[in-house]
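*Asks:* build me a model from this:
(one chain, ligands or ions: 1)
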Amino acid sequence: MPKVFFIDVTNRDGAQTARIGLAKLQKTMINMYLGEMGVYQSEFGFPFSKHEQNYVRANLELKEKGVMGSIILQGWCRAVISDVAESLPTGVKDLNLSISTSDQMIINKFKGKLDRKTVIQQMLDSVKFARDGGIKTIGVNAEDASRTDMNYLLEFGQAAKEAGADRLRYCDTLGYDTPWGIYQRIKTLAQEVKLPLELHCHNDLGMAVANSIAGAKGAIDGGVDAYINVTVNGIGERAGNADLLSCVLALKFGRGMQEYEIADRLNLRVATKIAGYAAAAFGVPIPITQPGVGANAFAHESGIHADGALKDHHNYELFDFELIGRDQETRIPGGRVITTGEYGGVAGLKHVYEKLGVSFPSDSACQRILELVQYANMHTQLPLTDDELRLIANHPEQVKKILTTTP
Ligand SMILES: [Zn+2]
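*Replies:* From the prediction side, this is the model:
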């Protein structure tokens, strides 16, 4: 039976969101945490984009060094030969190529530059170019797939498959789909095209998670693997994307979903850590009602609920908070605190690292790390976390690259 995989797009869809963003070091930490969590793939950025290229290279190196688990780092670009050509020198080996397929966008975005026929041709040309350039996995994204004429979408998917694409991404770009609508369309695509399908759902009508789960069910019932696109805390364009943890919880605990197997060996105990990290990095607090990680997700006050939860927590909780690592939450220590950062010196740095169990072989090594710590803090403008400090000490060459952008 086909399975469900997760592709996190926080570092692409999340990072490109209006009004918020991530520093390259923060994107790196998110890749690290996703790797630790066992997520199949991170759509880690835009390899054709000049300011992203050192980050892309350094993260591929970190992956090569074995510090990101088995996660695949895949880049996003338009299904345009020039985008692929500019991505290839970074060494990226997995790419998703995106092009709009709805008449709305073909007519009103391409404005006569492309039509249905040439959209397919351009997709085919870029797939071939990527394959010839040594790209291992190629995903083809149908942007606005949910508003695309079904017969044309089938034709597009068939052409992508014949060109050797590995997956087809069904983008509900505007969050227009409904659970039963997407189920039917995805099942049809699965049965007709027989290519693994990605569900990329937005939350404009509040249905991103429901649509992702229904779509995944459609793919599997239709006989192909499902790759659900998610972001940490659901951060993404406009009303956001499908939330990573919510989708996992829905598959694990939702009625009738247990027969659908998650292929990724997920360590959900990382969930609380990654949610907190992303919230701080984006500067977007986690809503108290957020599934799993919200402040109120396990809080009970009203008489009947508190009484019931105290007698047996399963009276009012579907799953245990330990499962998602809420018991590991770190509290800010009281009393005297020494920190290090942009304006820090050697003594403070040594003290902070000692507490992390890290010592330096020489004064010059210490000086080198201090300089990186100063730049890293300047770069993120947030107190450096213990894991960021560990990354800096353990992989200074890659961190230097991540912190380097030359306009
Ligand atoms: Zn999107």
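*Asks:* how distant is the lowest-mean-pLDDT helix or strand in the chain from the center of its chain?
*Replies:* Least confident helix or strand, the chain: helix 303-311 with a mean of 92, by mean pLDDT, DSSP states H and E. Relative to its chain's centre, helix 303-311 lies at 37 Å (C-alpha atoms, centre = their mean, to the nearest Å).
*Asks:* buried ones in that helix?
*Replies:* In terms of neighbour count (16 or more other C-beta atoms under 10 Å), helix 303-311 has its buried residues at Gly308, Ala309. In this view, the C-beta of every residue, glycine as well, is placed from N, C-alpha and C.
*Asks:* before we move on, what about stretch 314-321?
*Replies:* Of the residues in stretch 314-321, those buried (16+ other C-beta under 10 Å) are Tyr316, Phe319, Phe321.
*Asks:* got a markdown table for these, with distance to Asp94 and secondary structure too?
*Replies:* Listed next are the buried residues of stretch 314-321 as a markdown table, based on distance: C-beta to C-beta, whole Å; DSSP: H, G, I helix; E, B strand; the rest coil:
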| residue | distance to Asp94 | secondary structure |
| --- | --- | --- |
| Tyr316 | 43 | coil |
| Phe319 | 32 | coil |
| Phe321 | 35 | helix |
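*Asks:* format the residues you listed as a markdown table; extra columns: distance to Ile135 and pLDDT.
*Replies:* Listed next are the buried residues of stretch 314-321 as a markdown table, based on distance: C-beta to C-beta, whole Å; pLDDT from 0 to 100:
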| residue | distance to Ile135 | pLDDT |
| --- | --- | --- |
| Tyr316 | 49 | 95 |
| Phe319 | 39 | 97 |
| Phe321 | 41 | 96 |
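*Asks:* of all these, which comes closest to Glu371?
*Replies:* Phe321 (40.5 Å; C-beta to C-beta).
*Asks:* got a list of what the closest one touches?
*Replies:* Remark: with contacts taken as C-beta atoms under 8 Å, 6 or more residues apart in numbering, Phe321 is in contact with Ala297, Phe298, Asp327.
*Asks:* hmm, back to that, hey, C-alpha coordinates of the helix or strand following the least confident helix or strand of the chain in CSV?
*Replies:* On the C-terminal side of helix 303-311, the nearest following helix or strand under DSSP states H and E is helix 346-355. Output of helix 346-355 as CSV, limited to C-alpha atoms (Å, rounded to 0.1, in the frame of the first residue of the first chain):
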residue,chain,number,x,y,z
VAL,A,346,36.3,35.9,25.4
ALA,A,347,35.4,35.4,29.1
GLY,A,348,31.7,35.4,28.5
LEU,A,349,32.0,33.2,25.5
LYS,A,350,34.1,30.6,27.4
HIS,A,351,31.6,30.6,30.2
VAL,A,352,28.6,30.1,27.9
TYR,A,353,30.3,27.3,26.0
GLU,A,354,31.5,25.6,29.2
LYS,A,355,27.9,25.2,30.2
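*Asks:* measure how buried the residue nearest to Tyr170 when sequence neighbours are not counted is and give me the count.
*Replies:* Leaving aside its sequence neighbours, Tyr170 sits nearest to Ala145 (C-beta to C-beta, 6 or more residues apart in numbering; 4.4 Å). Number of residues near Ala145 (other C-beta atoms under 10 Å) recorded here: 29.
*Asks:* pretty sure Ala145 contacts Leu174?
*Replies:* No. Ala145 lies out of contact with Leu174 (C-beta atoms under 8 Å); the separation is 10.5 Å.
*Asks:* what's the distance between His51 and Gly21?
*Replies:* Relative to Gly21, His51 is positioned 11 Å away (C-beta to C-beta, to the nearest Å).
*Asks:* from the contacts of Phe321, keep the buried residues only.
*Replies:* Ala297, Phe298.
*Asks:* adding distance to Gly234 and pLDDT, write the contacts of Phe321 out as JSON lines.
*Replies:* As requested, the contacts of Phe321 are exported to JSON lines (distance: C-beta to C-beta, whole Å; pLDDT from 0 to 100):
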{"residue": "Ala297", "distance to Gly234": "14", "pLDDT": "96"}
{"residue": "Phe298", "distance to Gly234": "19", "pLDDT": "96"}
{"residue": "Asp327", "distance to Gly234": "23", "pLDDT": "91"}
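*Asks:* adding distance to Val92, write the contacts of Phe321 out as a markdown table.
*Replies:* Compiled in a markdown table, these are given as follows (distance: C-beta to C-beta, whole Å):
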| residue | distance to Val92 |
| --- | --- |
| Ala297 | 37 |
| Phe298 | 40 |
| Asp327 | 38 |
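*Asks:* among the contacts of Phe321, which one lies nearest to Asp243?
*Replies:* Using C-beta to C-beta, the contacts of Phe321 come closest to Asp243 at Ala297, 12.3 Å.
*Asks:* contacting residues around that closest one?
*Replies:* Counted by C-beta under 8 Å, 6+ apart, Ala297 has contacts Thr289, Gln290, Pro291, Phe321.
*Asks:* secondary structure for those - can I get that in TSV?
*Replies:* Below are the contacts of Ala297 laid out as TSV (DSSP: H, G, I helix; E, B strand; the rest coil):
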residue	secondary structure
Thr289	coil
Gln290	coil
Pro291	coil
Phe321	helix
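*Asks:* burial of Leu189, as a residue count?
*Replies:* Neighbour tally, Leu189, other C-beta under 10 Å: 27.
*Asks:* ok, Asn31 touching Gly69?
*Replies:* No. Contact criterion C-beta under 8 Å: Asn31 and Gly69 do not qualify, at 9.9 Å.
*Asks:* the two - which one has more neighbours?
*Replies:* Asn31 (26 against 16).
*Asks:* spatially nearest residue to the more buried one (excluding sequence neighbours)?
*Replies:* Ser42 (5.1 Å).
*Asks:* pretty sure that neighbour sits in a strand.
*Replies:* Yes. Per three-state DSSP, Ser42 lies within a strand segment.
*Asks:* much appreciated, bye for now.
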